[in-house]
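Undergrad: okay, sequence plus prediction incoming.
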Amino acid sequence: MKKMFLSLATIAFVAAGSLTVTSCGSDDSSPVIPTPDALKLTLTSDPSEIYAGEAFEFSITEADGTPITGAILIANGEATTIESQDGAFSIQAPEGEWEISASYDGKTSNIVNVTVKPSRAVSEGTGLITYNGGTMDIDAAYVVFRGLFYADEQRTSVIASWQIEAISGGTTGIIRFTTPTEPAGGDQYTYEIPTSSNTTGTLAGVIIGQDIAGQTNENVSVNFGATYENNFFTGEYSGSATLDSGLFSVEFDGKTPRVNSSGKGAKKVATFEDYIKTTTVKTSDIQVLETSL
């Protein structure tokens, strides 16, 4: 069985601007007058500083400059469920080219073209993967937010799924765990960032190349002492389990980037990752947590 994992690509050039629609009359002597957009969308972040996994912002106003709450973000022509608050969108997006616009009350905005560079987040620190009787130095580590899931087939509770990904050469150690959620009104839930007291281990596994060398859901232990700020976890964390009749563990101490992944049950919003100012997901977007890699 093979599994594909996130890789960082070559940095792309950033270009941001707006698309203006013009109209032409039949009289060639008539001036070409731009058609004003009903809504005004403006990229307020520095276009040269937009990276995957980091928040960037737009302002959205009426034509007269009035800030709008409740405008819907449109990404590459598809409406998302991301809504503006107090005249602003604050979002994260994967690497790539994006045409961003907005709609509100039957009106649409101009289009802003944005290029999101590959993530510049890299881990800093030291750690070890222990597996098959030996140890390997960790080259890079990530803490991945996978999304919200039902904890069981009966759909009695909702949990947030995370995983530690530790890479050493062609070997990747995986420790998957959950944190609690709480209802946030209506069909929304909020989730907890991992701490030293709120994690529950659910899976441990080893990938060599792209082949799964082993995995287990039994007795997965997680100790998460790192604290979260500005898209990084800083401090120590570890996870362990018995795999192939021996100890498997991942231990890291340092600065680790958080990476957002749509996962199998995360909120799917025109491929956008979970955006920075909210940690809510609708119940209709939640699936049952899978138990294997």
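TA: Ah, there it is.
Undergrad: ok but residue 48 is inside a strand, no?
TA: No. Using DSSP: H, G, I helix; E, B strand; the rest coil, the secondary structure at residue 48 is helix, not a strand.
Undergrad: neighbours of it, just the number please.
TA: Per other CB atoms under 10 Å, the neighbour tally for residue 48 reads 11. For every residue, glycine as well, the C-beta is placed using N, CA and C.
Undergrad: how near is it to residue 117?
TA: According to CB to CB, to the nearest Å, residue 48 stands 9 Å off from residue 117.
Undergrad: what's the answer for residue 85, then?
TA: As judged by CB to CB, residue 85 and residue 117 stand 26 Å apart.
Undergrad: and these two? which has more neighbours close in?
TA: With neighbours defined as other CB under 10 Å, residue 85 and residue 117 compare such that residue 117 has more, 19 against 16.
Undergrad: the more buried one contacts residue 50, correct?
TA: Yes. Contact criterion CB atoms under 8 Å: residue 117 and residue 50 qualify, at 6.4 Å.
Undergrad: does residue 75 have beta-bridge partners, and which?
TA: Beta-bridge pairing for residue 75 (DSSP bridges): residue 78, residue 100.
Undergrad: I'd say it and residue 94 touch.
TA: No. In this structure residue 75 lies outside contact range of residue 94 using CB under 8 Å: 10.5 Å.
Undergrad: check which helix or strand covers the residue nearest to residue 203 when sequence neighbours are not counted.
TA: Distances taken as CB to CB, 6 or more residues apart in numbering place residue 176 nearest to residue 203, at 3.9 Å, with adjacent residues excluded. Element membership of residue 176, judged by DSSP states H and E, is strand 171-183.
Undergrad: would you mark the buried spots in that strand?
TA: By 16 or more other CB atoms under 10 Å, the buried positions in strand 171-183 come out as 171, 172, 173, 174, 175, 176, 177, 178, 179, 181.
Undergrad: spit out the contact partners of the first one.
TA: Each residue near residue 171 by CB atoms under 8 Å, 6 or more residues apart in numbering is listed here: 129, 131, 136, 206, 207, 208.
Undergrad: now the buried members of those residues.
TA: The buried subset of the contacts of residue 171 (16+ other CB under 10 Å) comprises 129, 131, 136, 206, 207.
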